[in-house]
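Participant: Curious how this folds, go ahead:
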Amino acid sequence: MGVLNFLSAIGFLTILPVPNSARTFDGKQVIYFPLVGLIIGAMLWMVDWFFSCFAYPEIRIIGDVLFLAIITGALHLDGLADSADGLFSHRTREQILEIMKDSRIGVMGVLALIFCLLFKMGGIAEIKNPISSLWFIIIPALSRTAQVLGLTLIEHVKPEGALATNFYQKNNRLALLFCPVPLGLIFYLDFEMGAIALVVFSILISGLFYFYKKMIGGITGDTLGATTEIVEAFFFVFAGLTTSCLEIS
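Facilitator: Numbers count the residues shown, from 1 in each chain. Below you'll find the predicted structure:
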């Protein structure tokens with residue numbers, strides 16, 4: 001049933017159509033999240049190529065960011081906004097969790113969305129040549145790898161319903177099987193860059209997970225969505241900076 005679970009992962013993480021038989025989510029899909037990220041990344045690469053053929057640079061950048069929001073149904077952006085509203089509310093743990101459940105968006109949520117999108121746009125603006133454009137494939141897979149790490153390594157907080165319970169794969173090391181793939185692709189681009197990216201990714205993820213545990217005792221679906229967006233924004237900037245440095249050298 002590996003194919004069905006893979007299709008189920010696609011159906012969960014994207015708006016792409018999948019068979020109704022693949023609409024059952026039991027947690028076995030988590031292992032395929034990095035591969036779904038590669039699919040999203042490949043589609044992003046094609047979107048970027050399409051806009052690069054006839055549009056001026058600003059439209060290319062906006063088109064790329066818009067695609068990332070649309071392909072996921074803005075699910076992770078919603079998690080980012082909810083997390084920002086709760087985690088920066090200076091309230092107790094219980095109050096933070098209540099704020100995160102509220103579908104309304106506050107000032108901190110709006111600011112988080114604005115700056116996240118701006119950082120993505122700034123990073124994408126510097127990714128111009130065919131080699132560096134491989135980052136478009138890598139980064140969405142890297143952010144979905146972060147999801148798997150959270151689901152398997154960090155305690156979850158008050159899951160609501162069977163769906164939430166099933167997706168948390170604490171101590172299921174098999175779910176980490178495809179996590180090295182996006183990092184391996186960075187090493188393919190450049191070994192030194194890959195080593196730096198591995199260290200940076202480890203520090204970023206460790207810092208985020210530590211912050212979540214300190215604030216609310218673990219992770220939630222919203223903080224996983226926030227992690228996805230933060231990793232994407234951070235590594236688009238990282239890719240843009242490294243591309244600029246390589247061009248200068």
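
Participant: alpha carbons only for contacts and neighbour counts from here, please
Facilitator: Fine.

Participant: looking at it, residue 88 is touching residue 106, isn't it?
Facilitator: No. With contacts counted by C-alpha atoms under 8 Å, residue 88 stays clear of residue 106, the gap being 10.6 Å.

Participant: which ones are touching residue 139?
Facilitator: Residues counted as contacts of residue 139 (C-alpha atoms under 8 Å, 6 or more residues apart in numbering) are 37, 41, 182, 231-232, 235-236.

Participant: closest to residue 14 among those?
Facilitator: Comparing the contacts of residue 139 against residue 14 with C-alpha to C-alpha places residue 37 closest, at 9.6 Å.

Participant: who does the helix or strand hosting residue 65 touch, helix- and strand-wise?
Facilitator: Using DSSP states H and E, residue 65 sits within helix 57-71. Counting contacts by 3 or more C-alpha pairs under 8 Å, 6 or more residues apart in numbering; DSSP states H and E, helix 57-71 packs against helix 33-54, helix 107-125.

Participant: Let me know the next secondary structure element after the shortest one.
Facilitator: Scanning forward in sequence from helix 107-125, with DSSP H and E defining helices and strands, the next element found is helix 135-153.

Participant: Between helix 33-54 and that next one, find me the angle.
Facilitator: If you take axes from the mean of the first three to the mean of the last three C-alpha atoms, to 10 degrees, helix 135-153 sits at 160 degrees to helix 33-54.

Participant: pLDDT on helix 135-153, on average?
Facilitator: For helix 135-153, mean pLDDT is 95.

Participant: and the angle for that helix with helix 107-125?
Facilitator: Calculated by the same axes, to 10 degrees, helix 135-153 forms an angle of 140 degrees with helix 107-125.

Participant: The longest helix along the chain - contacts with which helices or strands?
Facilitator: The residue-count maximum for a helix in the chain (DSSP state H) belongs to helix 221-248. Contact analysis of helix 221-248 by 3+ C-alpha pairs under 8 Å, 6+ apart lists helix 75-87, helix 107-125, helix 135-153, helix 191-216 as its packing neighbours.

Participant: Make TSV from these and add distance to residue 17 to it.
Facilitator: Shown next, in TSV, are these (distance: least, C-alpha to C-alpha, whole Å):
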stretch	distance to residue 17
helix 75-87	16
helix 107-125	26
helix 135-153	19
helix 191-216	31
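
Participant: closest one to residue 25 among those?
Facilitator: Residue 25 sits nearest to helix 135-153 of all the helices and strands packed on helix 221-248, at 14.4 Å, using C-alpha to C-alpha.

Participant: mind checking which of the helices and strands packed on helix 57-71 is nearest residue 155?
Facilitator: Of all these, helix 33-54 comes closest under C-alpha to C-alpha, at 18.9 Å.

Participant: Any buried residues in the closest one, and which?
Facilitator: Across helix 33-54, burial judged by 16 or more other C-alpha atoms under 10 Å covers 33-45, 47-48, 51.

Participant: pLDDT weak spots in the chain?
Facilitator: Applying pLDDT under 70 to the chain picks out residues 1, 158-165, 245-249.

Participant: Identify the residues contacting the residue positioned nearest the centre of it.
Facilitator: Nearest to the geometric centre of the chain sits residue 228, at 2.5 Å (C-alpha atoms, centre = their mean). Going by C-alpha under 8 Å, 6+ apart, residue 228 touches 76, 143-144, 146-147.
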